[in-house]
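With the sequence up front, the predicted model follows.
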Amino acid sequence: MKSKQSTKSRARPQPVEVALGYVGRGWSPIPIPHRKKNPGFKDWQNTRIDENTVEVHFGEGPGNIGVLLGGASGGLIDGDMDCDEAVIAANVLLPTTCRFGRTSRPDSHYLFYADGCPTTKYVDRSDGQMLVEFRGEGHQTVFPGSTHPSGESIRWSATTTPDPATVEPAMLIEMFGRVAAAALLARHWPKGTRHDASLAVAGGLLRAGWSAAGTEAFIRAVAAAARDEEASERVKSVSDTAKKLAEGDEVTGWPTLEKLLGEAVVRQAKDWLRIGGDVAASAEGAPKKQADLLVALAREHCTFFHDSVRTPYARASNGSVMQLRSGAFDLFLGSLHFKVYGRSAASTAKNEALATLKGIALHDSPHEEVAVRVAAHSGRIYLDLANERHEAVEVDTAGWRIVTSCPVNFLRPDGILELPTPTPGGDVYEILSFLNRGASANYMLILAWLLAALRPSGPFPVLVLQGRHGSAKSTTARILRALIDPNAAPVRAPPRSEQDLVIAARNGWLLAYDNLSGLSDWLSDALCRLATGSAFATRKLYSDADETIFYASRPMILNGIDDLLTRPDLADRALLVPLAEIPPSQRQAEAHMFDKLKRSLPDILGALLDGAAMALRDEATVKLTSTPRMADFVRWAAAGLPALGYSEKDLHRALERSKAEATALALEVDGLGNAIIDFLQTTGGHWSGSATELLTELRDRADAEGRRELPSAPPSLANRLRRLAPTLREVGVGVKTTRVATQRRIELVRKL
């Protein structure tokens, strides 16, 4: 595209009024504030520009290529070395990456990917000279193919790599600070006392906890940038100083360097090197404790908070949220220490640092909540995509969108996998191609359950997949979980204790239990509480008196061959999906099917998000014709299903069919229910008496096999009958228990 200036000013072209964002291997136009000056800008908005077509648009006229940095270009950062000393120091201290510059300074620009880095300038305060500038969010830089104001061509370096390196933002800031400090010291490097200066730098850095290798690299950069002819001797000062420190001898440090270079210069260099007052005060004395260094590093790279049950957390500068007493934070802290000081931190030092950081998080930091995968905030729903860019989907009543700045503290437990970026206007019917006939027949229930799984709070129905061998129960569970909460272990064996269930709920949004052979009473009760929402309390590790409390409600999938809905309270919360056995001729290779699913996921997820947005908008206006057990779920699904092509009536028909199947199954499994129904047919539909009398009546009318299904004692009969009452009510049998004096009376009534 041509700029507006005349050909007479060809030697000093200005950037065109279009900025190109470099994203991966491609180029795409990004608007900048000056677009109003360019009437033809909107013609560029849908133009795809790459390395093969850039000459077509920029090859004529005095036009330069401007690149908008930061989020618009995928987190691209440009490090500009503005003086010769910085160019030399960067060549020593910065890692290999994509580089360019003008003819006289070919390696003055270093490109990196680092999300969220602000533009930072390093200026020598003594004379105002810009040393280093790294440009980030919202800033622009001129790329190769352009002409510098001096008239020199801007070209890629002969030693450049094809793509920019990816660096953590905090690490990038630290690296550029070292380059700037080295350039600053080189500009003021004394003549005649350079060896004394290098000894002082070595002493100051080693006492601050720097590794010998890191200190040598820094002094090598200073000496090279100062064009010190005895650079190798300056580097040797590090080993000499380290040896003296090890032997307990005195060495020089920052005070000596201040005498040689001036207090203002040294103070500025220490600021850029992040060596604060504590270290400076002890520069000529003992080194800081490793635990103190770890605490300082953690506070520099993280913010801290605690949740409502006083669990301490750290939030890193890249957005990662970690529990302090977790393997993830231990690795993070150890990695920080190794990057800065070149050696591992001792376990005792890390434990001491963690104790301090825990106190900071609990007593000197705000209260904030955490979430896994799905959460609500200020009337909006957020779905964590769990990618490296820390993107989330924001859903509100107007629709949904991808955001990079999310107000929710999302945890990323081990095993959590990335969700694909959803596609607007997707088609939810693509799910059908991955389900067998039984699941397809209950497609409405599956859609309602998926919509519920995008709701940030319960109650959630339990999806029960039941069928014989070869009915794709496990595969169906894996497919459904991949749509909402993909995990490295998508389906798991049943928990052995309530504590295992709580841990799984802490570390995942959606729970899927595989190949269950019936459900024990305790597990059935625990699943009911987790579906509806309940608090779970377990004893803290290494504690006799303290409890850890966790309140949760989670969407769940259960699958098995055996009848799983034997207890009415779980059946009342379940969506039963019977799966038919798949004929051998219709079976697919699993790898091929999941490869197809991966391509369809963005469309399916986009459609489900459309349903969630509609549910969020219309939920309050839905008037249910009846009030089922999980009315909140039904109201949510009824509000969202129209976006997917279904009505509230369709939903109610599907729920009634599922409820009837679950009721029939519960009565079939529990012999007591059928025994009572048969008994009432002989009494005219009404009976009243004690539990002992009822048990006698039932035994008298049952054959030998039927007696084995009956309770062994009257109290057991009363308890089972109490649990069975909701199921019996579904088939028209009312159960009423009263107490007359000291005797409990049971009344049974059937509507004939």
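Perfect, thanks for sending it.

Looks to me like V393 is in a helix.
No - the assignment for V393 is strand, going by DSSP: H, G, I helix; E, B strand; the rest coil, so no helix is present there.

contacting residues around it?
382-383, 385, 400-403, 422, 609 (CB atoms under 8 Å, 6 or more residues apart in numbering). Glycine gets a C-beta too; all of them are placed from N, C-alpha and C.

I'd like the distance between it and P407.
Using CB to CB, to the nearest Å, V393 is found at 13 Å from P407.

what sits in contact with each of these two?
With CB under 8 Å, 6+ apart as the test, V393 and P407 both reach Y382.

quick one on the thing from earlier: any of the contacts of V393 buried? List them.
Among the contacts of V393, those classed as buried by neighbour count (16 or more other CB atoms under 10 Å) are 382-383, 385, 400, 422, 609.

CSV for those residues, including distance to L624, pLDDT and secondary structure?
Below are these laid out as CSV (distance: CB to CB, whole Å; pLDDT from 0 to 100; DSSP: H, G, I helix; E, B strand; the rest coil):
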residue, distance to L624, pLDDT, secondary structure
Y382, 27, 97, strand
L383, 26, 97, strand
L385, 33, 95, coil
W400, 26, 96, strand
P422, 29, 95, coil
L609, 24, 96, helix
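
among the residues you listed, which two are most distant?
The largest separation in the buried ones among the contacts of V393, counting by CB to CB, is between Y382 and P422 at 13.2 Å.

List the buried residues in whichever strand or helix holds L257.
Using DSSP states H and E, L257 sits within helix 254-261. Going by neighbour count (16+ other CB under 10 Å), the buried part of helix 254-261 is 254, 256-261.

contacting residues for G342?
G342 makes contact with 210-214, according to CB under 8 Å, 6+ apart.

Please disregard the earlier target; I meant A89.
Contacts here follow CB under 8 Å, 6+ apart; on that basis A89 touches 179, 182-183, 186, 221-222, 224-225.

Average pLDDT for whichever strand or helix holds it, rounded please.
Using DSSP H and E, A89 maps to helix 84-93. Averaged across helix 84-93, the pLDDT comes to 94.

Could you pull up the mean pLDDT of the helix or strand just after it?
Counting by DSSP H and E, the element after helix 84-93 in chain order, helix or strand, is strand 98-102. Average pLDDT, strand 98-102: 91.

just checking, what packs against whatever helix or strand comes next after strand 98-102?
Note on strand 98-102: by DSSP H and E, the next helix or strand toward the C-terminus is strand 105-113. Packing partners of strand 105-113 (3 or more CB pairs under 8 Å, 6 or more residues apart in numbering; DSSP states H and E): strand 76-81, helix 84-93, strand 98-102, strand 165-166.

right, and G71 touches E137 too?
Yes - using CB atoms under 8 Å, G71 makes contact with E137 at a distance of 6.3 Å.

hmm, back to that, dump the buried ones among the contacts of V393 to TSV, plus distance to M130.
Listed next are those as TSV, based on distance: CB to CB, whole Å:
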residue	distance to M130
Y382	41
L383	43
L385	39
W400	43
P422	44
L609	46
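
Of those, which is the nearest to G334?
Out of the buried ones among the contacts of V393, the member with the shortest distance to G334 (by CB to CB) is L385, at 27.4 Å.

show me the contacts for the closest one.
391-393, 402, 418-421.

a helix runs through K236, doesn't it?
Yes - assessed by three-state DSSP, K236 belongs to a helix.

what's the burial count for it?
16 (other CB atoms under 10 Å).

And for G136?
By other CB under 10 Å, neighbour count at G136 equals 23.

need the contact list for the nearest residue to it once chain neighbours are set aside.
Using CB to CB, 6 or more residues apart in numbering and skipping the chain neighbours, the partner closest in space to G136 is C117 (4.1 Å). Contacts for C117 were tallied using CB under 8 Å, 6+ apart; they are 70, 75, 77, 134, 136-137, 169, 172-173.

Buried subset of the residues you listed, written for ChimeraX?
Remark: buried members of those, expressed as a ChimeraX selection using 16+ other CB under 10 Å:
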select :70,75,77,134,136,137,169,172,173
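
correct me, but T241 touches W210?
No - with contact defined as CB under 8 Å, T241 does not reach W210; the gap is 11.0 Å.

Among these two, which residue is more densely surrounded?
T241 (26 against 22).

Check the secondary structure at the more buried one for me.
helix.

Please verify my assumption that E250 contacts K244.
Yes - using CB under 8 Å, E250 makes contact with K244 at a distance of 7.4 Å.

Quick check: the gap between the residue nearest the centre of the chain and V464.
The centroid of the chain falls nearest to A386 when counting by CA atoms, centre = their mean (3.7 Å). Relative to V464, A386 is positioned 27 Å away (criterion: CB to CB).

Would you agree I479 is in contact with N436?
No - in this structure, I479 is not within contact of N436 by CB under 8 Å, at 10.5 Å.

most neighbours, which of the contacts of L385?
A392 (27 neighbours).

hmm, back to that, secondary structure element holding the residue nearest to G136?
Applying DSSP H and E, one finds C117 in no helix or strand.

I'd like the distance from it to P169, if you could.
5 Å.

just A589 next, same as before
Computed as CB to CB, the A589 to P169 distance reads 43 Å.

how does this protein divide into domains?
7-168, 188-281, 290-363, 428-659, 671-750 (automatic domain parsing).

Identify the residues contacting stretch 259-276?
Stretch 259-276 has contacts (CB under 8 Å, 6+ apart) with 122, 124-126, 174, 177-178, 180-181, 184-185, 188-190, 193, 196-197, 200, 204-205, 208, 254, 257-258, 280, 296, 300.

Please apply the same query to stretch 121-134.
Under the contact criterion CB under 8 Å, 6+ apart, stretch 121-134 has outside partners 77-83, 85-86, 90, 117, 119-120, 172, 176-177, 179-180, 183-184, 187-188, 262, 264-265, 268, 272.

Flag every buried residue along that stretch.
Residues of stretch 121-134 classed as buried by neighbour count (16+ other CB under 10 Å): 122-124, 129, 131-134.

element containing K598?
Judged by DSSP H and E, K598 forms part of helix 590-618.

wait, I meant P578
strand 574-579.

Show me what that strand packs onto, helices and strands only.
helix 437-441, helix 443-453, strand 462-467, helix 648-669.

Including distance to D525 and mean neighbour count, could those go into a markdown table?
Converted to a markdown table, the helices and strands packed on strand 574-579 look like this (distance: least, CB to CB, whole Å; neighbours: other CB atoms under 10 Å):
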| stretch | distance to D525 | mean neighbour count |
| --- | --- | --- |
| helix 437-441 | 28 | 18 |
| helix 443-453 | 21 | 24 |
| strand 462-467 | 13 | 25 |
| helix 648-669 | 16 | 18 |
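
Please name whichever of the ones you listed is nearest to I677.
Per CB to CB, nearest to I677 of the helices and strands packed on strand 574-579: helix 648-669, 7.5 Å.
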